[in-house]
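**Q** Give me the fold of what follows.
(4 chains)
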Number of protein chains: 4
Amino acid sequence: MKIGFIGLGIMGKPMALNLLKSGHELVVYDIEAGNVGILTAAGAASAASAKEIAQECSVIITMLPNSPHVKAVVCGENGILESAKRGTVIIDMSSIAPGVSREICGICEKQGVKMLDAPVSGGEPKAIDGTLSIMVGGSKEVFDQVKDEILGKLGASVVYCGKTGAGNTTKLVNQIIVALNIAAVAEAFTLAQKAGVDSSVVFNAIKGGLAGSTVMNAKVPMILENNYKPGFKLDLHIKDLNNAIETGHETGSPLPLTVLVMEMMQTLRAEGFGQDDHSVLAKYYEKLSGDSIG
Amino acid sequence: MKIGFIGLGIMGKPMALNLLKSGHELVVYDIEAGNVGILTAAGAASAASAKEIAQECSVIITMLPNSPHVKAVVCGENGILESAKRGTVIIDMSSIAPGVSREICGICEKQGVKMLDAPVSGGEPKAIDGTLSIMVGGSKEVFDQVKDEILGKLGASVVYCGKTGAGNTTKLVNQIIVALNIAAVAEAFTLAQKAGVDSSVVFNAIKGGLAGSTVMNAKVPMILENNYKPGFKLDLHIKDLNNAIETGHETGSPLPLTVLVMEMMQTLRAEGFGQDDHSVLAKYYEKLSGDSIG
Amino acid sequence: MKIGFIGLGIMGKPMALNLLKSGHELVVYDIEAGNVGILTAAGAASAASAKEIAQECSVIITMLPNSPHVKAVVCGENGILESAKRGTVIIDMSSIAPGVSREICGICEKQGVKMLDAPVSGGEPKAIDGTLSIMVGGSKEVFDQVKDEILGKLGASVVYCGKTGAGNTTKLVNQIIVALNIAAVAEAFTLAQKAGVDSSVVFNAIKGGLAGSTVMNAKVPMILENNYKPGFKLDLHIKDLNNAIETGHETGSPLPLTVLVMEMMQTLRAEGFGQDDHSVLAKYYEKLSGDSIG
Amino acid sequence: MKIGFIGLGIMGKPMALNLLKSGHELVVYDIEAGNVGILTAAGAASAASAKEIAQECSVIITMLPNSPHVKAVVCGENGILESAKRGTVIIDMSSIAPGVSREICGICEKQGVKMLDAPVSGGEPKAIDGTLSIMVGGSKEVFDQVKDEILGKLGASVVYCGKTGAGNTTKLVNQIIVALNIAAVAEAFTLAQKAGVDSSVVFNAIKGGLAGSTVMNAKVPMILENNYKPGFKLDLHIKDLNNAIETGHETGSPLPLTVLVMEMMQTLRAEGFGQDDHSVLAKYYEKLSGDSIG
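**A** Here you go, the predicted structure:
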């Protein structure tokens, strides 16, 4: 069975390579020839459009930046649905708005095409290692078909979350918590700094208690060293929070803290920090307080 | 060496008992006779006032509700300073405002009395087990004198955080992060609920990743079961955030998220949830969204 | 000179009627035949599409719900640009995102078509009376051509605000302030209520001082009477704040209070208050505090 | 009838002078001899303490910085209650927490002393002109006794607001709205600036519509000229918001926007803007956005 793979960016490239390594036959498509070249050099075939991919493959993975890109690649001109046969399975591993997942899935179903939303977390390092966390929404039956042989080659944790959109909703829940937990340490360690207590002492004193978190362990050392090499870029977190806020508005789910942290992130993006790690949020507090943390 | 112990509330009682068990001779004082009775039954002596304690003991532990109580017991009528000898060491294990710690310490020093601020975290269960986390500010020399023989009998982790007030500042940093991390899971899981995804599935999907935290592990199950048996009472967290906000204002440290979460907590307190676990914050979101999480 | 008029909704209808009354020859288009019928009965001609309008008219007014509608009517299939001659003037009186105004204007200019963004405030009553406030962006020369004979028939105040997008930016500034001023009285009068002071007494005591505002005079009496007949609908204010927040993000302009008030409005919309007057924001506070204001 | 006047600061001095001018016999007390000298030069008698004032006068006005000062002057050592006769009337014109007004009033009543809370707004210029707005809480009967002959000499508007504390509650409602309306114009005009539209044009375009307010007329010109000569000092507004937030917490009244604006003000105070006009709040947005408004 040939698998189609559309979108060979920072995440897509290592994911496609892992599928090749695990023995899958791959047909890839990307708008950048350079990205395609890396995959064909590794043994993949290539196609000239999403439409062509759909002529050859009955399972197609998409890994694209955001909702409009997925919509275009699936439903647009030269898109998957122009040639996909009934029974084709699309696994959209992009992180997009759950409402858009449902919308695209609805269009697919009219043509007998099945779609899972299967966003990932873990970033480039875990994409390379094949140890991503994958959160999946859609038909449980389709999920069971692709879980071990395909998703299992890409991630260490593959969790079925519920009906269409549930994968992306779960991802948004994750991204909200990560954003707020980063803000929490930034806000709190600024207090330590301004009150004249050594931040690394505070870090060691509290990390083992109820305040402890993966964010604290991963991000506080970066903040204290003023090292914002990504990791996960602020711009991408902003993209996810946009989808979260849109979803909050659609569903009547209040996000007062998320929107405030979004404003902080936007302020930093306007200052040119969009390509830094999202923990650069600490700079918002440093700017307000006039002091460097750590 | 006799140790004085003032303040035999929920936390003070088991702490005093642990000191007794470890072989210390104790003289206790509390405004409630019943509390005193428990300690004298266990072998402690008692005194009629803080002043009397200070006549007998050269090390005095205070474990009181908040800043004004500590100030009164140390500096007020019939207080410690009315009879304390030069060289007396006060270990204030209450959680109070760092600025008040510094103020009281300054008054003590004029009389040759030394004071450490040594607030704890971990709650009643760890007070009973003698496994509290203790964060200490003040003279390093004094800290070294009491660390193993006294504080070491009460806590599993005893960390020197810096000059006077540093213990309480560290505690406030901890409490800010805990409050915001609780708010983070409450806000995010409300989105899961409103978007129709099972919260326990989301919990399992994300707890091992970057969104994971001690708060998530400890509090999300409580929220999903609508079980708010404390743990740590909302009212006490409000008290700590009050001290944090006061400290933020004194030091020019911005706390935009903390003040918003404080408002949420105050709204819940006004509705009668003050004696519930602080994770009852989830009810704020349930109220706004009109839906129960989990 | 024949004027084209596209979009005959609640606002567009009375505006088009006022142009007829002032002696202009009108050709109208709307997707609802009923709206068109009212105008043709009053003496207007009608057309079957925006494209047709552009064949006949060298000045075209658009009055549409939001950015995508304007984009579609101007740049889309059967849109104005499919037939507009060089020198055609489009006056977009819709309230849309300034960035989209600039985008559409840029497309128009490639075809020699000129566009003003000229959003209005004042609502249906002032549309009927021809006393709207009109805020205009774009070429000053074009503005001068249409100011008296066209815009002057629709509004009591016609202000040139600057280059393309400036009209819509000014409208957004207005809408942010109105939203926040409503929130201000809602938040403050809730305190009066909860503290047991009669809100109408407070209103009379402070309305003449520094706290006084047009919002206070217009909206507090509505809030005190629990009368939310619009006026200006919450749903429309949400639409405008969406554009404001989008513009804030594009320009690096922080909107911390606006996003919070937006969350309040979204919560109310989810509860079914979208068609009420925007002063229904007071209900958010009533819900939180458990008490009715006034 | 001799009137006592305690507290001859920036506000108290012109108020006392106005009472003298209106023919009242005055006995004054202030901790600063210089302030007293000005009043005695103008014909007032002076006393050595609040207690002495109370021996001579059956009506006593207090005009002090905040709650603790009023409490000390009324209930403390050498305070009014040490010598006040039954039937003495205290008119506290300070702006303090309504809860403290009620507390002090309760203590007074045990001694047969009556107290009104009668805070003012309008600042030094209106204190000088005798055109303050006075908001009064307490016994209506006592209010009627002092309304015309005393309060009427100090203010242009003297409004009875309800039972004890109602005057100060009304003042807090006023101060919340003023703070939020200032924040509204600061936030919105920052958007104008960042979007490249001239702020003075925007001001003229919108000030006559629903966004108009006394704050906009009074403060936007100051902000555009970067002129923060007080007016009303930021530090005083912070004091009032502290009382408002405390009252909100006591009464279960949510103040999410007020606490956020308070954080902005505290950030500015930490940077040394406390003595500037409260419209200096605009600098918070200028700092965040990196641009000067106007």
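
**Q** List the contacts of A:Lys13.
**A** Neighbouring residues of A:Lys13 by C-beta atoms under 8 Å, 6 or more residues apart in numbering or on different chains: A:Asn35, A:Ile38, A:Leu39. Bear in mind the C-beta positions are built from the backbone N, C-alpha and C, glycine included.

**Q** got it, and A:Val259?
**A** Counting by C-beta under 8 Å, 6+ apart, A:Val259 touches A:Ile245, C:Val259, C:Leu260, C:Met262, C:Glu263.

**Q** Just the buried ones from these?
**A** When burial is judged by neighbour count using 16 or more other C-beta atoms under 10 Å in any protein chain shown, the buried members of the contacts of A:Val259 are A:Ile245, C:Val259, C:Leu260, C:Met262, C:Glu263.

**Q** List just the nearest of the contacts of A:Val259 to chain D.
**A** C:Leu260 (6.4 Å; C-beta to the nearest C-beta).

**Q** distance of the closest one from chain B?
**A** 8 Å (C-beta to the nearest C-beta, to the nearest Å).

**Q** Name the next helix or strand following the one helix or strand that residue maps to along the chain.
**A** Using DSSP states H and E, C:Leu260 sits in helix C:256-270. Next helix or strand after helix C:256-270 toward the C-terminus (DSSP H and E): helix C:282-289.

**Q** Show which residues not belonging to that next one make contact with it.
**A** B:267, B:270, B:287-288, C:182, C:185-187, C:189-190, C:193-194, C:223, C:264-265, C:267-268, C:273, C:292-293, D:252-254.

**Q** 6 Å - rerun?
**A** B:Thr267, C:Ala186, C:Thr190, C:Lys194, C:Ile223, C:Met264, C:Leu268, C:Ser292, C:Ile293, D:Ser253, D:Pro254 (C-beta atoms under 6 Å, 6 or more residues apart in numbering or on different chains).

**Q** Now render the residues you listed as a markdown table, adding secondary structure.
**A** Converted to a markdown table, the contacts of helix C:282-289 look like this (DSSP: H, G, I helix; E, B strand; the rest coil):
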| residue | secondary structure |
| --- | --- |
| B:Thr267 | helix |
| C:Ala186 | helix |
| C:Thr190 | helix |
| C:Lys194 | helix |
| C:Ile223 | helix |
| C:Met264 | helix |
| C:Leu268 | helix |
| C:Ser292 | coil |
| C:Ile293 | coil |
| D:Ser253 | coil |
| D:Pro254 | coil |
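
**Q** Out of the residues you listed, which end up buried?
**A** The neighbour-count test (16+ other C-beta under 10 Å) applied to those identifies B:Thr267, C:Ala186, C:Thr190, C:Lys194, C:Ile223, C:Met264, C:Leu268, C:Ile293, D:Ser253, D:Pro254 as buried.

**Q** from those residues, which is closest to A:Lys21?
**A** C:Met264 (51.2 Å; C-beta to C-beta).

**Q** Tell me, how many residues neighbour the residue in the stretch 1-150 of chain A that chain C sits nearest to?
**A** Per C-beta to the nearest C-beta, A:Pro68 is where the stretch 1-150 of chain A lies closest to chain C, at 13.0 Å. A:Pro68 sits with 12 neighbouring residues when counted by other C-beta atoms under 10 Å in any protein chain shown.

**Q** Contact residues of chain A facing chain D?
**A** In this structure, chain A approaches chain D at residues A:Thr267, A:Leu288, judged by C-beta under 6 Å from any C-beta of the partner chain.

**Q** which residues in chain A form helices?
**A** In chain A, the segments counted as helices under DSSP state H are A:12-21, A:33-41, A:50-56, A:67-75, A:98-110, A:123-129, A:140-146, A:166-194, A:199-206, A:214-224, A:234-251, A:256-270, A:282-289.

**Q** among the ones you listed, which is the most enclosed?
**A** Compared across the helices of chain A, helix A:166-194 shows the largest average neighbour count, a mean of 28 (mean count of other C-beta atoms under 10 Å in any protein chain shown).

**Q** Could you figure out how far that helix is turned away from helix A:282-289?
**A** Helix A:166-194 and helix A:282-289 are oriented at 40 degrees to each other (axes from the mean of the first three to the mean of the last three C-alpha atoms, to 10 degrees).

**Q** any idea how far A:Lys207 is from A:Ile293?
**A** According to C-beta to C-beta, to the nearest Å, A:Lys207 and A:Ile293 sit 16 Å apart.

**Q** meant to ask about A:Ala44
**A** A:Ala44 is 45 Å from A:Ile293, by C-beta to C-beta.

**Q** Domain ranges for chain A, per the record?
**A** Domains of chain A are assigned by automatic domain parsing as A:2-164, A:169-289.

**Q** Redo those as JSON lines? Include mean pLDDT.
**A** Formatted as JSON lines, those follow (pLDDT from 0 to 100):
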{"stretch": "domain A:2-164", "mean pLDDT": "97"}
{"stretch": "domain A:169-289", "mean pLDDT": "97"}
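
**Q** how close does A:Leu8 get to A:Pro65?
**A** 12 Å.

**Q** Have a look at those two and say which one is more surrounded.
**A** Set A:Leu8 next to A:Pro65 and count neighbours by other C-beta under 10 Å: A:Leu8 wins out with 26 against 15.

**Q** Surely A:Asn35 is in contact with A:Gly9?
**A** No: taking contacts as C-beta atoms under 6 Å, A:Asn35 lies outside contact range of A:Gly9: 7.2 Å.

**Q** List the residues that contact the residue of the stretch 101-250 of chain A found nearest chain C.
**A** Distance from chain C to each residue of the stretch 101-250 of chain A (C-beta to the nearest C-beta) is smallest for A:His249, at 4.9 Å. Counting by C-beta under 6 Å, 6+ apart, A:His249 touches C:Gln266.

**Q** Get me the contact residues on chain A for chain C.
**A** So chain A meets chain C at A:His249, A:Gly252, A:Pro254, A:Pro256, A:Val259, A:Leu260, A:Glu263, A:Gln266, A:Thr267, A:Ala270 (C-beta under 6 Å from any C-beta).

**Q** Could you work out the most separated pair of these?
**A** A:Gly252 and A:Ala270 (29.8 Å).

**Q** Quick check: longest strand in chain A by residues?
**A** strand A:155-162 (DSSP state E).

**Q** and the angle for that one with helix A:166-194?
**A** Going by the same axes, to 10 degrees, strand A:155-162 makes 120 degrees with helix A:166-194.

**Q** Quick check, the residue in the stretch 51-200 of chain A closest to chain D?
**A** A:Lys194 (8.5 Å).

**Q** so that residue sits right up against B:Pro254, yeah?
**A** No: the criterion here is C-beta under 6 Å, and A:Lys194 misses it with B:Pro254 at 9.0 Å.

**Q** Quick check: bridge partners of the closest residue to A:Leu39 other than its chain neighbours?
**A** The spatially closest residue to A:Leu39, leaving aside those adjacent along the chain, is A:Val28, at 4.7 Å (C-beta to C-beta, 6 or more residues apart in numbering or on different chains). Applying DSSP bridges to A:Val28 gives these bridge partners: A:Phe5, A:Ser46.

**Q** Contact partners for A:Val28?
**A** By C-beta under 6 Å, 6+ apart, the neighbours of A:Val28 are A:Phe5, A:Ala16, A:Val36, A:Leu39, A:Ala44, A:Ser46.

**Q** Next: A:His24.
**A** A:Ile3.

**Q** related to what we said a few turns ago, I'd like to check what contacts the longest strand of chain A. Which residues are they?
**A** A:131-137, A:143, A:147, A:151-152, A:167, A:170, B:197, B:201, B:205.
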